[in-house]
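A.B. asks: sequence and computational prediction follow.
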Amino acid sequence: MKRFITLFLALALSLSCIFAFGACAKEPEYDDLSSEFYNASNWIFMTNNGGASQDGGGLPYTLDDGSIKFHNANQAYLLDEDLSNGSVSFMIKTSKDWQMWFRASTADNTKTNCYKLFFKDEVLHIRTSESQNDLAFVSAEDCGYLTNEWNKLELSFSTDENKNCTIKITVNGTKATFTAPEGQQNYLESGDLVYPESEDFTLGNYVIVKVWYGDCYLQLKPLANEGEDEVLKIACIGDSITYGANADNSYTDSYPAQLQKLYNGAANVMNFGNSGKTIRNSADDPYSKTTEYNGAMLFNADIVVLMLGTNDSKTYQVPTTQEMYDAYRVLIEKLYENNPYVVIYMATCPYAYSTSYQISNKNIEDIVIPAQLQIIEDYELECIDMHEFTKNLSNCYADGIHPTSRGYTYLSYMMYCSLEGITPDEDYVNTFKD
């Protein structure tokens, strides 16, 4: 495969995600989190009805580099002990909006008491879950917090006999000096938050992560070896076939999720698929209007896999090949503008075995793919001929349009072989074919 990316930033020893507990009167001694913390199955999914469940909904991405990434997640983890008097330290890498709730009493937070640390509009905020108003805040610029980069956050909680809780936060080794909203300055002491907890302010030992939308993620990472290179970043841009529609679990069985496993820690694969989306802005549901589009730009990938155009084939909005070409050109030039060194793989649209959703395989073959092949030639892109790869594969489709989980396994394998320049194992490939 063509790779003209030869340099990656070396991560400092600060690429660590470590939790430790101890008295706040002394500097905390940091130990690695157990591997259980980074196992997605140990994060309790919080269902829409407010109950905690081990099934239903999506799981966080467990990455093979030892990190865990949350995307469209609302999940809780039970620590060994609470943080009424203790410290917690972790490496965190996030996009623009996220929340972490500390000292929650239950996994689904049915009791409202806990402290919320969240990032929005370039500001770190602290609130209790009882209130819609900040207790304290500090701008990202003032505290040195960086979006889309690794940051080390340290929080210490100290609760005295009168239930006054002092919360100190350090960002990248520098203590954050918080500001309080008007009328609440008495909650501050030397830039730290001092909050008088009520008698019924009962706290526990749950950490809850909340992130939504395609351009928002939160990633935690354990200690890396000194001098370890940052892993390759791969962005998968597409529609429902990229998202993982009709898989048993789109978070774990989508082709990007399975591609992540195939890379075994050598890459950080992000799923920016959004169901129903078109490449054309003139069509009914353009990809460029989504948070996944924004997220892909923020992710600033080294490699982009672009598999988008199936929904443009719908019989009620048939494009011309030129219209498709122009739409691909706009997105590709935006990707190059965002990162001149990005390597773009154009995947032709998978074979459509039915007319569900008014998708037309004839339009894919006669209109969409010619535009894809022309843009590949003109921009010297890498080609993944997924349309050809998915012929005679109807038994691996759920509805004639979307693969089953097994079908996504096949897609991820063919993607991996294409990205790595590996000849697919013919015997293995034949196990999937009709």
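C.D. replies: Structure's in. What do you need?

A.B. asks: make it CA atoms for all contacts and neighbour counts henceforth
C.D. replies: Noted.

A.B. asks: shaky segments in the stretch 51-200 of the chain?
C.D. replies: 51-59, 64-66, 111 (pLDDT under 70).

A.B. asks: let's go with 80 and repeat that
C.D. replies: Residues of the stretch 51-200 of the chain meeting the criterion pLDDT under 80: 51-67, 72, 88-91, 109-112, 130, 150, 183-185.

A.B. asks: now the helices for it?
C.D. replies: 140-143 (DSSP state H, counting those that start in this stretch).

A.B. asks: surely residue 404 meets residue 394?
C.D. replies: No. Residue 404 is not in contact with residue 394 according to C-alpha atoms under 8 Å; the separation is 10.0 Å.

A.B. asks: which residues touch stretch 322-339?
C.D. replies: Applying C-alpha atoms under 8 Å, 6 or more residues apart in numbering, the contact partners of stretch 322-339 are 279-281, 297, 300-301, 342, 367-368, 371-372, 374-375.

A.B. asks: give me that answer again for 10 Å
C.D. replies: Applying C-alpha atoms under 10 Å, 6 or more residues apart in numbering, the contact partners of stretch 322-339 are 278-282, 287-288, 293, 296-298, 300-302, 304, 306, 308-309, 312, 320-321, 340-344, 346, 367-376, 378-379, 381.

A.B. asks: may I have that stretch as PDB, with CA atoms only?
C.D. replies: The C-alpha trace of stretch 322-339 is given here as PDB (Å, rounded to 0.1, in the frame of the first residue of the first chain):
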ATOM      1  CA  GLN A 322     -21.000  13.900 -12.900                       C
ATOM      2  CA  GLU A 323     -23.000  14.900  -9.800                       C
ATOM      3  CA  MET A 324     -21.500  12.000  -7.900                       C
ATOM      4  CA  TYR A 325     -18.000  12.800  -9.100                       C
ATOM      5  CA  ASP A 326     -18.400  16.400  -8.000                       C
ATOM      6  CA  ALA A 327     -19.600  15.300  -4.500                       C
ATOM      7  CA  TYR A 328     -16.700  13.000  -4.000                       C
ATOM      8  CA  ARG A 329     -14.300  15.700  -5.200                       C
ATOM      9  CA  VAL A 330     -15.600  18.200  -2.600                       C
ATOM     10  CA  LEU A 331     -15.100  15.700   0.300                       C
ATOM     11  CA  ILE A 332     -11.700  14.500  -0.900                       C
ATOM     12  CA  GLU A 333     -10.400  18.000  -1.200                       C
ATOM     13  CA  LYS A 334     -11.700  18.800   2.300                       C
ATOM     14  CA  LEU A 335      -9.900  15.800   3.600                       C
ATOM     15  CA  TYR A 336      -6.600  16.900   2.000                       C
ATOM     16  CA  GLU A 337      -7.200  20.400   3.300                       C
ATOM     17  CA  ASN A 338      -7.600  19.000   6.700                       C
ATOM     18  CA  ASN A 339      -4.500  16.800   6.500                       C
END
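
A.B. asks: just how off-centre is that stretch within its chain?
C.D. replies: Relative to the centre of its chain, stretch 322-339 is centred 24 Å away, using C-alpha atoms, centre = their mean, to the nearest Å.

A.B. asks: buried sites along that stretch?
C.D. replies: With burial defined by 16 or more other C-alpha atoms under 10 Å, the residues of stretch 322-339 counted as buried are 323-329, 331-332, 335.

A.B. asks: which of those residues lies closest to residue 184?
C.D. replies: Of all the buried residues of stretch 322-339, residue 335 has the smallest distance to residue 184: 45.2 Å, by C-alpha to C-alpha.

A.B. asks: just the element for the closest one, please.
C.D. replies: helix 321-338 (DSSP states H and E).

A.B. asks: thinking again about what came up before, which of the contacts of stretch 322-339 fall in helices?
C.D. replies: Within those, residues falling in helices by DSSP state H are 293, 296-298, 321, 369-376, 378-379.

A.B. asks: mark which of these are buried, thanks.
C.D. replies: Restricting the ones in helices among the contacts of stretch 322-339 to buried positions leaves 293, 296-298, 321, 369-373, 375-376, with burial counted as 16+ other C-alpha under 10 Å.

A.B. asks: residue 83: which of those residues is nearest?
C.D. replies: residue 298 (33.3 Å).

A.B. asks: for the stretch 301-434 of the chain, which segments count as strands?
C.D. replies: 303-307, 343-347, 382-384 (DSSP state E, counting those that start in this stretch).

A.B. asks: so residue 150 touches residue 93, yeah?
C.D. replies: Yes. Assessed by C-alpha atoms under 10 Å, residue 150 is found in contact with residue 93 at 4.6 Å.

A.B. asks: need the buried ones among the ones in helices among the contacts of stretch 322-339 in TSV (columns: pLDDT).
C.D. replies: Formatted as TSV, these follow (pLDDT from 0 to 100):
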residue	pLDDT
293	91
296	88
297	87
298	80
321	98
369	98
370	98
371	98
372	98
373	98
375	98
376	98
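
A.B. asks: and which of those is nearest residue 164?
C.D. replies: Residue 164 has its nearest neighbour among these in residue 298, at 39.7 Å by C-alpha to C-alpha.

A.B. asks: fine, thanks again, bye for now.
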